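Trainee: Using only what follows, build the 3D model:
(4 chains)
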2 protein chains.
Amino acid sequence: MSRNNAGLSAGRIITEALKIIDGRGLSGLTMRRLGDALQVEAMAIYHHFPLGKDQLYAAIVEHITDTTRPVDGDAPAAGAAEEEAAPRDEEPGDDRPWQERLRSWAEEYRARLLRHSGALPLIVHRKPDSASALRSLEAHYAAFEEAGLDRDAIARAAAALDAYVTGAVIHQVRAEGRPGPAPASLDARHPHLAELGDPAPDYDAWFLDGLEALLAGLRLRFG
Amino acid sequence: MSRNNAGLSAGRIITEALKIIDGRGLSGLTMRRLGDALQVEAMAIYHHFPLGKDQLYAAIVEHITDTTRPVDGDAPAAGAAEEEAAPRDEEPGDDRPWQERLRSWAEEYRARLLRHSGALPLIVHRKPDSASALRSLEAHYAAFEEAGLDRDAIARAAAALDAYVTGAVIHQVRAEGRPGPAPASLDARHPHLAELGDPAPDYDAWFLDGLEALLAGLRLRFG
DNA sequence: GCCATCGCCTTTACAAAGTAAGTTTAAGAT
DNA sequence: ATCTTAAACTTACTTTGTAAAGGCGATGGC
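Mentor: Numbers count the residues shown, from 1 in each chain, chains lettered A, B, ... in the order given. Okay, here's the model as predicted:
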């Protein structure tokens, strides 16, 4: 096993790639570095992702956004069969009320994006047409139908929900990002900003608050 | 003028860079190509952006997100003094009702992001701490204060609004993005999706609907 | 008028990145 | 034993960002 057959697999590659992205940023993910982390020559990766780095990117996005799979800090407790884990979260026949289902999805999806915020730029231009993405969307449609929305409203509501969650993550990531080259000062021209100050915003609470407001607004407007 | 002094400027560079991004995608923007478009050697750009490509990226983001400046399809009608244009949009003392001001901002901001959607990945990790960004935020705070929200609610509401607008753009861009490697089919496991079909969603209308719902929800929850 | 200086652009050069092409090795199948 | 094939290695080429230094024209002081 010293030379070839180093036990590489798509899963291991994706996991290691995410570690690199989390630690050194998206631009820190290079094929050679990824190879080093996997104790393998860079070109070996192309055997598992023949279409190149873009295919790897796509797989990373799918890995992050697939709320069906368990989160990745979850090395199964050694020896367990890995492929058929316990029935995932709210999947089989989730009979909780629709609001709770949507809230639950929103929180998990947000957590996943935040956990790997370095990979967010990859998500922007990728079509969510994987099986898991469609399954999520279907679940949202079902929830909003149960809420009493009609055909047209369902699609709008689901779009608004997805927009809010993704946007909230980006809002937070931007706010926590590194300062620009010329950060403007809070002079007298920004009375409200200066007044409120910045007592370390509680983004978790903000997110939930905004989510409730959105759901309430959607029901009120479309219900 | 053949050799040096080719009439380069930060503004021209940014404009041309955006054209390239719009036409060939973010990865299509290379220093050499940008130089070619500007009829200049690539290294000349570094005279105006000494910190390199990242500084150019920051300038592009600022250019796109600064709702103070006019949009860029706006070559002034030849000969006009360019630096002090007509007082911009809702700036001086906008006395319209707060909802209208926020709606107006949301529509313009969204239009700007959509116009240069290729640059969206650049926005994700940049802190909105420029003068124009703070001015926008200040305006939103003032609007929500006028709406009767208290201190804490104002910040939450402004964050939710920004999240929704950014997220809605990304939602649309993702949906219109190129298909993934293995687009899942809409089989019987997605009854709602199959039923509704895809009659070319009217994202403009969806956006406004969701925006109204969010504003209503915010007022209802925080007012 | 002359020369120094400075702003703006070019030239040259290099290291790092993605990846195409071909080769090697180990393990099964016939 | 020989053939096949999957998996990883080796080599090499192209493109990219950018460091370093040089050239050229305008400008201001004498």
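Trainee: so the residue positioned nearest the centre of chain A is in which element?
Mentor: Nearest to the centroid of the C-alpha atoms of chain A, with distances taken as CA atoms, centre = their mean, sits A:L113, at 2.8 Å. A:L113 belongs to helix A:98-115 when assigned by DSSP states H and E.
Trainee: ok, and for that helix, which residues are buried?
Mentor: A:98-99, A:101-103, A:105-106, A:109-110, A:112-114 (16 or more other CB atoms under 10 Å in any protein chain shown). Heads up, the C-betas are built off the backbone N, CA and C, glycines and all.
Trainee: And the next helix or strand past the helix or strand bottoming out on mean pLDDT in chain A?
Mentor: When each helix and strand of chain A is scored by mean pLDDT, DSSP states H and E, helix A:191-196 comes last, with a mean of 70. Downstream of helix A:191-196, the next assigned helix or strand under DSSP H and E is helix A:203-222.
Trainee: Can you tell me what sits against that next one?
Mentor: A:99, A:102-103, A:106-107, A:110, A:144, A:147-150, A:153, A:156-157, A:160-161, A:164-165, A:168, A:172, B:155-157, B:159-160, B:163-164, B:209-210, B:212-218, B:220-222 (CB atoms under 8 Å, 6 or more residues apart in numbering or on different chains).
Trainee: Which members of those residues additionally contact DNA strand C?
Mentor: Residues of the contacts of helix A:203-222 in contact with DNA strand C (CB under 7 Å from any atom of the strand): none.
Trainee: Among those, the buried ones, what's the ChimeraX command?
Mentor: Applying 16+ other CB under 10 Å to these, the buried members can be selected in ChimeraX as follows:
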select /A:99,102,103,106,110,144,147,149,153,156,157,160,161,164,165,168,172 /B:155,156,157,159,160,163,164,209,210,212,213,214,215,216,217,218,221,222
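Trainee: Assess the claim that A:M31 and A:H48 are in contact.
Mentor: No. Using CB atoms under 8 Å as the test, A:M31 is too far from A:H48 to be in contact (11.9 Å).
Trainee: nearest residue to the residue nearest to the centre of chain A other than its sequence neighbours?
Mentor: With CB to CB, 6 or more residues apart in numbering or on different chains as the criterion, A:L113 has its nearest non-adjacent residue at 4.4 Å, and that residue is A:V169.
Trainee: The one you found - how many residues pack around it?
Mentor: Neighbour count of A:V169, defined by other CB atoms under 10 Å in any protein chain shown: 25.
Trainee: For it, pull up the helix or strand it's in.
Mentor: helix A:151-176.
Trainee: That helix to helix B:203-222, inter-axis angle?
Mentor: Helix A:151-176 and helix B:203-222 meet at an angle of 70 degrees, taking axes from the mean of the first three to the mean of the last three CA atoms, to 10 degrees as the criterion.
Trainee: Run through the neighbouring helices and strands of helix A:151-176.
Mentor: Packing partners of helix A:151-176 (3 or more CB pairs under 8 Å, 6 or more residues apart in numbering or on different chains; DSSP states H and E): helix A:98-115, helix A:120-123, helix A:131-146, helix A:203-222, helix B:151-176, helix B:191-196, helix B:203-222.
Trainee: Low-confidence ranges, chain A, go.
Mentor: Applying pLDDT under 70 to chain A flags residues A:1-4, A:73-92, A:194-198.
Trainee: how near is the nearest residue to A:Q172 once chain neighbours are set aside to B:A213?
Mentor: Computed as CB to CB, 6+ apart, the closest residue to A:Q172 that is not its neighbour in sequence is A:Y203, at 4.7 Å. Between A:Y203 and B:A213 the distance is 22 Å, computed by CB to CB, to the nearest Å.
Trainee: just A:H48 next, same as before
Mentor: Distance from A:H48 to B:A213, by CB to CB: 44 Å.
Trainee: And A:L215, by the same measure?
Mentor: 9 Å.
Trainee: ok, now A:V40?
Mentor: 50 Å.
Trainee: Let me see the domain layout of chain A.
Mentor: A:10-65, A:98-178+A:192-222 (automatic domain parsing).
Trainee: want to throw those into CSV with distance to B:H63?
Mentor: Output for the domains of chain A, formatted as CSV (distance: least, CB to CB, whole Å):
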stretch, distance to B:H63
domain A:10-65, 22
domain A:98-178+A:192-222, 16
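Trainee: Out of these, which one sits most buried?
Mentor: Scoring the domains of chain A by mean neighbour count under mean count of other CB atoms under 10 Å in any protein chain shown gives domain A:98-178+A:192-222 as the most buried, with a mean of 19.
Trainee: Pull up the distance across that one, start to finish.
Mentor: Using CA to CA, to the nearest Å, the end-to-end distance of domain A:98-178+A:192-222 comes to 15 Å.
Trainee: now stretch A:38-50
Mentor: End-to-end for stretch A:38-50, by CA to CA: 17 Å.
Trainee: separation between the residue lying farthest from the centre of chain A and B:Y141?
Mentor: What lies farthest from the middle of chain A is A:A188; by CA atoms, centre = their mean that is 38.4 Å. According to CB to CB, A:A188 and B:Y141 sit 15 Å apart.
Trainee: interface residues of chain A facing DNA strand D?
Mentor: Listed as neighbours of DNA strand D in chain A under the rule CB under 7 Å from any atom of the strand: A:3-8, A:35, A:40-44, A:47-48.
Trainee: so A:L114 sits right up against A:V169, yeah?
Mentor: Yes. Between A:L114 and A:V169 there is a contact at 5.8 Å, judged by CB under 8 Å.
Trainee: shared neighbours of the two, anything?
Mentor: What both A:L114 and A:V169 touch, as defined by CB under 8 Å, 6+ apart, is an empty set.
Trainee: Give me the distance between the helix holding A:V169 and the centre of its chain.
Mentor: The chain centroid and the centroid of helix A:151-176 are separated by 12 Å, computed with CA atoms, centre = their mean, to the nearest Å.
Trainee: Does stretch A:114-124 reach chain B?
Mentor: Yes. Using CB under 8 Å from any CB of the partner chain, stretch A:114-124 comes into contact with chain B via A:117-118, A:120-124.
Trainee: Name the nearest of those residues relative to A:D22.
Mentor: A:G118 (5.9 Å; CB to CB).
Trainee: Much appreciated, bye for now.
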